[in-house]
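K.L.:
My questions concern the predicted model and sequence given below.
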Amino acid sequence: MIPRIGTGFDVHAMAEGRPMIICGVTIPFEKGLAGHSDADVGIHALCDAIYGALAEGDIGRHFPPSENTWKDADSARFLRHAAERIAARGGRLANADVTIICERPKITPHAPAMRARLAELLGVGIDAISVKATTTEQLGFTGRGEGIAAQAAVIVLVPA
Ligand SMILES: Nc1ccn([C@@H]2O[C@H](COP(=O)(O)O)[C@@H](O)[C@H]2O)c(=O)n1
Ligand SMILES: C[C@@]1(CO)OP(=O)(O)OP(=O)(O)OC[C@H]1O
């Protein structure tokens, strides 16, 4: 097997009256994230990292925002698809590392549940999945609480 790296990045704006769903976990918070789907910024970055590792485009190619089917869609659907693409190539996910960038909500208390959910969706052990967080020291749109960013990196092993 040969290792292929992939990276992903996503941003969603904060919005009133929406759930705050990050890495498949609903977090109690006064706002949520706006998007065409459920706006799970962590899963979207992770999907893009996997598609990138496979050189199979990005989440918008597989799930176009122009298609009403994906309105308010559970992003678990997208991550399962990314996992299926790894399997279709005869590969396996070696590891994934997701970073959530925001001041609030605090992510660390939810990181164990997030890791467990992502591992379940990807069909890998929890040790293969990392979820961590950082602020931007109150700078920029994340610092002002206008939105949340996420970045992800993966190593996918594929047959030579
Ligand atoms: N939304 C966040 C942001 C950060 N954390 C945790 O706090 C630590 C310190 O953050 P800095 O940006 O000051 O480096 C960070 O390492 C995380 O453990 C968090 O849980 N949720
Ligand atoms: C996930 C999709 C699905 O329509 O919609 P959004 O929730 O807007 O999320 P984004 O990260 O902008 O990716 C684009 C779309 O593929």
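P.N.:
That came in fine, so what should we check first? Numbering: from 1, shown residues only. Ligands and ions are numbered 1, 2, ... in the order given.
K.L.:
And for the residue lying closest to His62 once chain neighbours are set aside, the neighbour number?
P.N.:
Among residues not flanking His62 along the chain, His81 sits closest, at 6.2 Å (CB to CB, 6 or more residues apart in numbering). Glycine gets a C-beta too; all of them are placed from N, C-alpha and C. Counted with other CB atoms under 10 Å, residues neighbouring His81 total 15.
K.L.:
so His81 touches Gly57, yeah?
P.N.:
No: at 11.9 Å, His81 does not count as touching Gly57 under the criterion of CB atoms under 8 Å.
K.L.:
tell me what the longest strand along the chain is packed against?
P.N.:
Ranked by number of residues, the top strand in the chain under DSSP state E is strand 2-15. Counting contacts by 3 or more CB pairs under 8 Å, 6 or more residues apart in numbering; DSSP states H and E, strand 2-15 is packed against strand 32-33, helix 41-54, strand 147-158.
K.L.:
what's the most centrally placed residue in the chain in contact with, if anything?
P.N.:
Geometric centre of the chain, nearest residue: Ile43, 1.9 Å, by CA atoms, centre = their mean. Contacts for Ile43 (CB atoms under 8 Å, 6 or more residues apart in numbering) come out as Cys23, Gly24, Ser75, Ala76, Phe78, Leu79, Leu118.
K.L.:
Which of those fall in helices?
P.N.:
Ala76, Phe78, Leu79, Leu118 (DSSP state H).
K.L.:
Distance of the third one relative to ligand 2?
P.N.:
Okay, so that is Leu79. Leu79 sits 11 Å away from ligand 2, going by CB to the nearest ligand atom, to the nearest Å.
K.L.:
out of the ones in helices among the contacts of Ile43, who's nearest Asp127?
P.N.:
The closest of the ones in helices among the contacts of Ile43 to Asp127 turns out to be Leu118 (CB to CB; 12.0 Å).
K.L.:
Excluding chain neighbours, what is closest to that closest one?
P.N.:
Distances taken as CB to CB, 6+ apart place Ile129 nearest to Leu118, at 4.9 Å, with adjacent residues excluded.
K.L.:
Pull the number of nearby residues for that neighbour.
P.N.:
With neighbours defined by other CB under 10 Å, the count for Ile129 comes to 25.
K.L.:
re the thing from before, quick one: closest of the helices and strands packed on strand 2-15 to His110.
P.N.:
Closest to His110 of those is helix 41-54 (CB to CB; 10.4 Å).
K.L.:
Can you confirm whether the next helix or strand after the closest one lies near ligand 2?
P.N.:
Next along the chain after helix 41-54, taking DSSP states H and E as the criterion, comes helix 59-62. Yes: Helix 59-62 lies within reach of ligand 2 by CB under 6 Å from any ligand atom, at Ile59, Gly60.
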